[in-house]
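[1] Here is the input, now give the coordinates:
(2 chains)
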Amino acid sequence: KQEVTQIPAALSVPEGENLVLNCSFTDSAIYNLQWFRQDPGKGLTSLLLIQSSQREQTSGRLNASLDKSSGRSTLYIAASQPGDSATYLCAVRQQGYSTLTFGKGTMLLVSP
Amino acid sequence: DAGVIQSPRHEVTEMGQEVTLRCKPISGHNSLFWYRQTMMRGLELLIYFNNNVPIDDSGMPEDRFSAKMPNASFSTLKIQPSEPRDSAVYFCASTRDRNQPQHFGDGTRLSIL
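    Model prediction:
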């Protein structure tokens, strides 16, 4: 059974810092991996989706990498801003399945 | 382009009552997912529909939970009878296909007293 772990569970940084969020998964036979953002009281917003054949995806100040063989993904946020404060979740889709397995998220607080 | 629409946003009811949560997926999306989120267990898949047909309901906790998708634009999740341990945020998500991201609604915050 696939398990997804996110470290750290919480992170507090001053504005302007570059930061890295980590995601690991136990079964490397994945189809793709998705990073989401969740604001308090809201649903999840998809940030980046990386197919298993890809190594990274970029969107603005966000860069997600995938190392399938080692079961790891990182989300890099450049020049963090208070508006980046949210919970970030990682989810993987197994090969042959259409459903996602989620990590429990990293709660990020960026202070002005 | 309207996103996934869920109703109600909040529901507070007494133990034993029937609860019905509603979801309208994004038009053109043929897969729909119901999730439950709690602090202890995180986000868990309850059931998944493809082309209105339930494909995987292994996450449905017990027979008190049921879900339907009578057409491509509407789904319900019903709990009968409800119990305090069902208190959680319930999310609906949809996607066009498995190569595309899932899009989530804002959820229904359910409190069973």
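[2] CA atoms for contacts and neighbours, from now on please.
    Fine.
[3] Chain neighbours aside, what residue packs nearest to the residue of chain B found nearest chain A?
    Using Cα to the nearest Cα, the closest approach of chain B to chain A is made by B:Asp106 at 4.1 Å. Nearest non-adjacent residue to B:Asp106, counting by Cα to Cα, 6 or more residues apart in numbering or on different chains: A:Gly43, 4.1 Å away.
[4] Just give me the neighbour total for B:Leu46.
    Number of residues near B:Leu46 (other Cα atoms under 10 Å in any protein chain shown) recorded here: 22.
[5] err, B:Trp34, not the other one
    25.
[6] wait, what's in contact with whichever residue of chain A sits closest to chain B?
    Sorted by distance to chain B under Cα to the nearest Cα, the residues of chain A start with A:Gly43, at 4.1 Å. Contacts for A:Gly43 were tallied using Cα atoms under 8 Å, 6 or more residues apart in numbering or on different chains; they are B:Phe91, B:Phe104, B:Gly105, B:Asp106, B:Gly107.
[7] want to try CSV for the residues you listed, with distance to A:Leu21 and secondary structure as columns?
    What follows is the contacts of A:Gly43, written out as CSV (distance: Cα to Cα, whole Å; DSSP: H, G, I helix; E, B strand; the rest coil):
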residue, distance to A:Leu21, secondary structure
B:Phe91, 24, strand
B:Phe104, 22, strand
B:Gly105, 24, coil
B:Asp106, 24, coil
B:Gly107, 25, coil
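[8] Distance from stretch A:27-39 to the middle of the chain?
    What separates the centre of stretch A:27-39 from the centre of its chain is 7 Å, taken as Cα atoms, centre = their mean, to the nearest Å.
[9] what about that stretch, average pLDDT?
    Across stretch A:27-39, the average pLDDT comes to 94.
[10] burial measure for B:Leu113, as a count.
    Using other Cα under 10 Å as the criterion, the residues surrounding B:Leu113 number 14.
[11] try A:Val20
    Using other Cα under 10 Å, A:Val20 has 15 neighbouring residues.
[12] isn't B:Pro10 right next to B:Arg109, touching?
    You called it Pro, but residue B:10 is His. Yes: B:His10 is in contact with B:Arg109 according to Cα atoms under 8 Å; the separation is 4.7 Å.
[13] quick one, which of those two is more surrounded?
    B:Arg109 (19 against 12).
[14] The more buried one sits in which helix or strand?
    Under the criterion of DSSP states H and E, B:Arg109 resides in strand B:108-112.
[15] Which residue would you name as the spatial centre of chain B?
    For chain B, the residue sitting closest to the mean C-alpha position, by Cα atoms, centre = their mean, is B:Trp34 at 3.3 Å.
[16] Going by secondary structure, A:Ser69 is in what exactly?
    For A:Ser69, there is no host helix or strand (DSSP H and E).
[17] State the distance from it to A:Ile50.
    According to Cα to Cα, to the nearest Å, A:Ser69 and A:Ile50 sit 14 Å apart.
[18] ok, those two, which is more surrounded?
    A:Ile50 (22 against 9).
[19] What is the three-state secondary structure of that one?
    A:Ile50 falls in the strand class when you classify it by DSSP: H, G, I helix; E, B strand; the rest coil.
[20] need the contact list for it.
    With contacts defined as Cα under 8 Å, 6+ apart, the neighbours of A:Ile50 are A:Asn32, A:Leu33, A:Gln34, A:Glu56, A:Gln57, A:Ala64, A:Ser65, A:Leu66.
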